[in-house]
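A.B. asks: curious how this folds, go ahead:
(one chain, ligands or ions: 1)
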Amino acid sequence: MERRKFVKMGAVIGAAAAMPRFSFAQVKGSDKVKIGLIGCGGRGTGALINMLDGDQNVKVVAFADLFEDKLQPSINRVKQHLDKNYPGRSNEILDPATVKKFSGWDCVDALLREDVDAVIEATPPVFRTPHYAKIVAAGKHAFLEKPACIDITQAREMLELAKQAKEKGLTVICGTQRRYHDGYKEMIKRVQDGALGEILSTQAYWNSSGYVGHYQHDAMEKSGVLKGLEFDSIEYQVRNWFSFIWTSGDHIVEQHVHNLDVIMWALGDNHFPVELRGFGGRSTDLPVPMYGDRFSHFAIDFDMGNGLRLASYCQQDPKAADEVGERIVGTKGIMYSNLYGNISITDLKGNPVWKFDNKKASECMVNEHKVFLQSVRNGGRMNMIEPLVNSTLLAIAGRLSAYSGKKFKYDWMLSRSAENLVPEKMAWGVKVPLKPVPVPGKYELVLKA
Ligand SMILES: NC(=O)c1ccc[n+]([C@@H]2O[C@H](COP(=O)([O-])OP(=O)(O)OC[C@H]3O[C@@H](n4cnc5c(N)ncnc54)[C@H](O)[C@@H]3O)[C@@H](O)[C@H]2O)c1
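C.D. replies: Model (predicted):
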């Protein structure tokens, strides 16, 4: 197999152990870990609950969200969970009377000035990089949701930040939860130990029957939160972040990154495409710009070198058939995985060779936080940014090829792309010009001079 590297992966976890052991956020084994939540929506609140289910020796110090109306519902949800599941310790873990709440464009700065050891960052993808820059500067450990970034400019910055985090001895774990799932871990080990023979082809799928931005928008419209907002206002676009390219990276980056990450992991986290060609489009049933400017479906053919291909499909079209998973075919067998379903290896005729009993799939969402807090406590200093950046970059490359209709070398994109989707100014009242849905053949790639 040809091995091409955007970054040298090395032993991501092992290398961190060799780093100097200092951090501004020093936590010892038995200490309470002081936590701040950045991004108090569905996943941020869920991630905090997952963390508290994994480890109750935690004090939740502060909540931060751009929108003030997101803070109290998030606090209430976490508190209800604690009251129900850990009644004797609920107030010790989260005291609604004293917990700090920050909103507005400087909410992250305000949270980071508090006495927190570690943060959960679960805002829309476009904010991950600027927020992580602040988190590293403040010397805090971080659990970062996926994806790592939305364009190559941010990807380059995230890799710099990963280096700085290592130098400061900071742990950073990312929300690609399949990597903390016992079934996935065993399956990938088997694949890497040769259970499939030589790998011939790989496939990744996130095909689903609903356009996520559609539901998100309609629920907010019903609640009145979008009332009076123009489509080109920054508030409309950030609230509808699933639907816009600059906020989400499009669903190939935002969601399908999970499946691409599994394939990258199975191939050793150091095997990159040689060339790619993507297709995609937007369902005409999804009005623009109300439901943003992004595509509703992609299909990408990644040439991984030496005859190996990665076929990547993702779709969010209303009423389309569902399939989410990963598949790898080798000379001896076939691997198939779906987070909440079948995780197995068969021979080439479909006869079972190994199958994981996947009754407790959602435990991986707790496991990732156990790993995070263990690393914070024992000085392991895990740093999982590079694999996430690499998987995110695969999705970004696929998106660029599908938007433009161009076939290109992966290394060419890494060295020449200068895409920067982030608006220059982020503040209330800013207008973010509406863009048409990309048209293959017309969409211009932004290149370095
Ligand atoms: N690992 C997983 O399985 C998984 C599942 C769902 C979502 N996610 C990821 O989690 C992230 C959040 O997704 P979600 O479903 O919770 O979305 P959400 O819209 O429910 O929550 C996002 C929150 O971030 C807040 N926010 C927006 N801009 C902000 C800013 N600049 N500063 C502070 N707060 C800001 C929003 O107001 C909102 O409360 C996304 O990156 C998504 O891809 C991961």
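
A.B. asks: the ligand contacts on the protein?
C.D. replies: Within the chain, the positions adjacent to the ligand are 38-44, 64-67, 70, 107-108, 122-125, 127, 145-146, 175, 177, 238, 254 by C-beta under 6 Å from any ligand atom. (Each C-beta comes from the backbone N, C-alpha and C, glycine too.)

A.B. asks: just those residues: which are in strands?
C.D. replies: 38, 64-65 (DSSP state E).

A.B. asks: the ligand: which of those is nearest?
C.D. replies: Nearest to the ligand, judged by C-beta to the nearest ligand atom, of these is residue 65 at 4.5 Å.

A.B. asks: now do the same contact list for the residue nearest to the spatial centre of the chain.
C.D. replies: With distances taken as C-alpha atoms, centre = their mean, the chain has residue 146 as the residue nearest its mean C-alpha position (1.0 Å). With contacts defined as C-beta atoms under 8 Å, 6 or more residues apart in numbering, residue 146 is in contact with 174-176, 257-258, 261, 388, 392.

A.B. asks: ok, back up a step: buried ones among the residues of the chain next to the ligand?
C.D. replies: 38-41, 43-44, 64-66, 70, 107-108, 122-125, 127, 145-146, 175, 177, 238, 254 (16 or more other C-beta atoms under 10 Å).

A.B. asks: does residue 311 count as helix, strand or coil?
C.D. replies: strand (DSSP: H, G, I helix; E, B strand; the rest coil).

A.B. asks: give me every residue that touches the residue nearest to it when sequence neighbours are not counted.
C.D. replies: Nearest residue to residue 311, sequence neighbours excluded (C-beta to C-beta, 6 or more residues apart in numbering): residue 203, at 4.7 Å. Contacts for residue 203 (C-beta under 8 Å, 6+ apart) come out as 310-313, 326-328.

A.B. asks: so what pairs up with residue 203 in the strands?
C.D. replies: On the basis of DSSP bridges, residue 203 is bridged to residue 311, residue 327.

A.B. asks: so for it, what's the pLDDT?
C.D. replies: Residue 203 carries a pLDDT value of 98.

A.B. asks: residue 154 too?
C.D. replies: 98.

A.B. asks: cool, and residue 108?
C.D. replies: Reported pLDDT for residue 108: 98.

A.B. asks: swap in the one 3 residues further on?
C.D. replies: With respect to pLDDT, residue 111 scores 98.

A.B. asks: residues near residue 308, how many?
C.D. replies: 19 (other C-beta atoms under 10 Å).

A.B. asks: farthest pair in the contacts of residue 146?
C.D. replies: Across those, no pair lies farther apart than 175 and 392, at 11.9 Å, counting by C-beta to C-beta.

A.B. asks: got the phi/psi numbers for the closest residue to residue 94 other than its chain neighbours?
C.D. replies: Sequence neighbours aside, residue 60 is the residue nearest to residue 94 in space, at 4.3 Å (criterion: C-beta to C-beta, 6+ apart). The phi/psi pair for residue 60 (degrees, to the nearest 10) reads phi -90, psi 110.

A.B. asks: closest to residue 337 out of the contacts of residue 203?
C.D. replies: For those, the residue nearest residue 337 by C-beta to C-beta is residue 326; the value is 5.0 Å.

A.B. asks: residues of stretch 362-372 that come out buried?
C.D. replies: The neighbour-count check on stretch 362-372 (16+ other C-beta under 10 Å) flags 363-372 as buried.

A.B. asks: do a quick rundown of the strands in the stretch 1-150 of the chain.
C.D. replies: 33-38, 58-65, 100-103, 118-121, 141-144 (DSSP state E, counting those that start in this stretch).

A.B. asks: which parts of the stretch 101-250 of the chain are helices?
C.D. replies: Under the criterion DSSP state H, counting those that start in this stretch, helices of the stretch 101-250 of the chain are mapped to 107-112, 125-137, 152-168, 182-192, 212-223, 234-239, 245-248.

A.B. asks: tell me the most buried of the ones you listed?
C.D. replies: Neighbour counts (mean count of other C-beta atoms under 10 Å) averaged over each of the helices of the stretch 101-250 of the chain peak at helix 245-248, with a mean of 24.

A.B. asks: check which helices and strands that one is in contact with.
C.D. replies: helix 125-137, helix 234-239 (3 or more C-beta pairs under 8 Å, 6 or more residues apart in numbering; DSSP states H and E).

A.B. asks: thinking again about what came up before, possible to save the helices of the stretch 101-250 of the chain as TSV with distance to residue 265?
C.D. replies: Output for those, formatted as TSV (distance: least, C-beta to C-beta, whole Å):
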stretch	distance to residue 265
helix 107-112	30
helix 125-137	20
helix 152-168	17
helix 182-192	6
helix 212-223	24
helix 234-239	31
helix 245-248	23
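
A.B. asks: lowest average pLDDT across the ones you listed?
C.D. replies: Least confidently modelled of the helices of the stretch 101-250 of the chain is helix 212-223, at a mean of 92 by mean pLDDT.

A.B. asks: how about the CA coordinates for that one, as CSV?
C.D. replies: What follows is helix 212-223 as a C-alpha-only set of coordinates in CSV (Å, rounded to 0.1, in the frame of the first residue of the first chain):
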residue,chain,number,x,y,z
VAL,A,212,-31.4,17.6,9.2
GLY,A,213,-31.6,21.3,8.5
HIS,A,214,-35.2,20.9,7.5
TYR,A,215,-36.3,19.6,10.9
GLN,A,216,-34.0,22.0,12.8
HIS,A,217,-35.5,25.0,10.9
ASP,A,218,-39.1,24.0,11.2
ALA,A,219,-38.9,23.4,14.9
MET,A,220,-37.3,26.8,15.4
GLU,A,221,-39.8,28.5,13.2
LYS,A,222,-42.6,26.9,15.2
SER,A,223,-41.1,28.1,18.5
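
A.B. asks: residue 320 and residue 326, how far apart?
C.D. replies: Using C-beta to C-beta, to the nearest Å, residue 320 is found at 19 Å from residue 326.

A.B. asks: check residue 448 too.
C.D. replies: On the measure of C-beta to C-beta, residue 448 and residue 326 end up 33 Å apart.
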